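Colleague: Can you look at this prediction? I've put the sequence above it.
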Amino acid sequence: MKAALRARNHPAYWAFVVHRVSGILLALYLPAHFWALGLALHQAARLDAFLRWTDQPLVRFGEWGLVLLLAVHLGGGLRLLALEFLPWRDWQKSLAAAAAALALVVGLAFALAL
Amino acid sequence: MSVLRVRVWRGSAEGAFQAFEVPRHASQTVLDVVTHIQRVLEPTLAYRFACRVGMCGSCAMTVNGVARWTCRTHVDKVARGGALEIAPLANLPVIRDLVTDMREFFDKWARAKGQFSGARSRADDFARVAPQSPARQDVDAAIECIGCGVCYSSCDVVAWNPDYLGPAALNRAWTLERDERDAARVERLRAVAGDAGCHACHTHMSCSERCPQRISPTAGIAGLKRAATAAALKGEL
Amino acid sequence: MSVRGEALLWAAQRASAALLALCVAVHLATMIYAVHAGLGAAEILHRTRGNALWLGFYALFLLAVAVHVPIGLRAVLGEWLGWRGRSRDAALAAFALALAWLGARAILGVFL
């Protein structure tokens, strides 16, 4: 396991792992997100109750986690679009850091807004 | 004199690591270590090498989990606490011990249409290719591949997707895609597009990290993605 | 799937990604604003209901999501679960429709 990690311990690989894991988690979250909002259609009372539930600190923390997942997936995605469509340059590697920085900024902004 | 504790893979797909103690010298390469084991300690050890000076790529093996040319890997750089683990290249069937069957690697090269296909005859004038043209610079950046298999062995998509052509084959296809003399462009794009080809690359960039020739197959594969997609949109595929 | 089909899936993935980059940026900014301003459910719905512009925006957002998410999962299912072939594509098409339907319900509830 350690040997397997050693060969993969470089920025582009971590960028891939983060991008894929965040994508999977978001894909699992989205149906629930849509369903909850759909409650607004016919079950306003349930939506109210649901939104009051989201006021809890643990849920707030979860929301922040989701924002972070989204920001991280977006940052990684922008990096991929740059790698695949822009002319190849040597500073491609620093795109991973730029993507991470962007995600962190968004995460902070959300956290501070709370 | 200090001693290296070396574990070497013995067997094929089934097998185990065998431990050896090898005298440690200054300026010692991993190939020196393997050679010492076979000549002095265990004559039945099977391994490949040829030039031993970093030109042929035959001595590629997995050293402490990382694919490398063993003749160009100094022990000092990789021995952690005086220990080394040497295994055959990953993602390839193992014939015996440190020797892999590279047929699939080269078969994929052929499947990717990695051969030049010209349109001129001896009756035509020479092709004129400007060395500084962007296309030729793309070719030059990728042309020095010697088919050592390090990139293929380092690629997770190769491990996850048995049909995936792999970085070396796709890199060679890229050099031909950018070769203005080549006449088989559409057939080649058809060969390298799709789930078994360039579109399956997830930009892990382990190939570019590990290539001893400092080639970046990822760059070429990105170019193939663009070219293949354009061809698909135009209905050429 | 044909090679041409796979190449077009890849293109759709990247195109939807580019669109999503814009939509997600707007969505995140909106969420951060809403949380910062302390807007409750009633307030948010008051602003969104009957708003054709936001309805159009989120409809476009949903379309991009319904394209992007299943194609993204396709690679994961193939590479990490070894699930390939027609059954995988059929399952993902169904997932895309389910996402679109749930999302449409949400949009109708919030914007109509």
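Modeller: Yep, it's here. Numbers count the residues shown, from 1 in each chain, chains lettered A, B, ... in the order given.
Colleague: How about the residues of chain C by chain B?
Modeller: With C-beta under 8 Å from any C-beta of the partner chain as the criterion, chain C meets chain B at residues C:1-4, C:6-11, C:75, C:78-80. Quick note: C-beta positions are derived from backbone N, CA and C, even for glycine.
Colleague: Buried residues in whichever helix in chain B runs longest, which are they?
Modeller: Using DSSP state H to assign secondary structure, the helix with the most residues in chain B is helix B:217-233. Of all the residues in helix B:217-233, those buried under the rule 16 or more other C-beta atoms under 10 Å in any protein chain shown are B:217-225, B:227-229, B:231-232.
Colleague: would JSON lines of those residues with distance to chain A be doable?
Modeller: Shown next, in JSON lines, are the buried residues of helix B:217-233 (distance: C-beta to the nearest C-beta, whole Å):
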{"residue": "B:217", "distance to chain A": "11"}
{"residue": "B:218", "distance to chain A": "7"}
{"residue": "B:219", "distance to chain A": "4"}
{"residue": "B:220", "distance to chain A": "9"}
{"residue": "B:221", "distance to chain A": "9"}
{"residue": "B:222", "distance to chain A": "5"}
{"residue": "B:223", "distance to chain A": "8"}
{"residue": "B:224", "distance to chain A": "10"}
{"residue": "B:225", "distance to chain A": "6"}
{"residue": "B:227", "distance to chain A": "12"}
{"residue": "B:228", "distance to chain A": "12"}
{"residue": "B:229", "distance to chain A": "10"}
{"residue": "B:231", "distance to chain A": "16"}
{"residue": "B:232", "distance to chain A": "15"}
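Colleague: which one of the residues you listed is nearest chain C?
Modeller: Nearest to chain C out of the buried residues of helix B:217-233 is residue B:232 (C-beta to the nearest C-beta; 3.7 Å).
Colleague: contacting residues around that closest one?
Modeller: B:193, C:3, C:4, C:7, C:8, C:11 (C-beta atoms under 8 Å, 6 or more residues apart in numbering or on different chains).
Colleague: and with 6 Å instead?
Modeller: With contact set as C-beta atoms under 6 Å, 6 or more residues apart in numbering or on different chains, residue B:232 has these partners: C:4, C:7, C:8.
Colleague: That one: what's its closest spatial neighbour, skipping adjacent residues?
Modeller: residue C:7 (3.7 Å; C-beta to C-beta, 6 or more residues apart in numbering or on different chains).
Colleague: The one you found: helix or strand, and which one exactly?
Modeller: Residue C:7 belongs to helix C:3-36 when assigned by DSSP states H and E.
Colleague: now that helix and helix B:217-233, what's the angle there?
Modeller: Angle, helix C:3-36 to helix B:217-233, by axes from the mean of the first three to the mean of the last three C-alpha atoms, to 10 degrees: 110 degrees.
Colleague: tell me which parts of chain B are close to chain A?
Modeller: Residues of chain B lying close to chain A (C-beta under 6 Å from any C-beta of the partner chain) are B:65, B:66, B:202, B:203, B:204, B:205, B:209, B:219, B:222, B:225.
Colleague: quick one: buried residues of the helix holding residue C:7?
Modeller: Counting neighbours by 16+ other C-beta under 10 Å, one finds that the buried residues in helix C:3-36 are C:3-4, C:6-11, C:13-14, C:16-17, C:19-21, C:23-24, C:27-28, C:31-32, C:35.
Colleague: Quick check: phi and psi at the residue lying farthest from the centre of chain B.
Modeller: Within chain B, residue B:123 marks the point farthest from the mean C-alpha position, 37.4 Å out by C-alpha atoms, centre = their mean. Backbone torsions for residue B:123, taken as degrees, to the nearest 10, come to phi -80, psi -20.
Colleague: Residue B:5 touches residue B:83, doesn't it?
Modeller: Yes: at 4.8 Å, residue B:5 and residue B:83 qualify as touching, with contact defined as C-beta atoms under 6 Å.
Colleague: Quick one: residues contacting the residue nearest the centre of chain B.
Modeller: The residue lying closest to the centre of chain B (C-alpha atoms, centre = their mean) is residue B:149, at 2.6 Å. Going by C-beta under 6 Å, 6+ apart, residue B:149 touches B:60, B:89, B:105.
Colleague: The first one: what's it in contact with?
Modeller: Taking C-beta under 6 Å, 6+ apart as the definition of contact, the neighbours of residue B:60 are B:69, B:89, B:148, B:149, B:150.
Colleague: Now for the third one, how many residues are close by?
Modeller: This means residue B:148. The local packing of residue B:148 (other C-beta atoms under 10 Å in any protein chain shown) involves 23 other residues.
Colleague: do the same with the last one
Modeller: A count of nearby residues for residue B:150, using other C-beta under 10 Å, gives 25.
Colleague: And for the first one?
Modeller: Residue B:69 has 24 neighbouring residues, counting by other C-beta under 10 Å.
Colleague: go on, residue C:105?
Modeller: The burial count for residue C:105: 18, using other C-beta under 10 Å.
Colleague: again with the one 5 residues further on
Modeller: Residues lying near residue C:110 (other C-beta under 10 Å) number 20.
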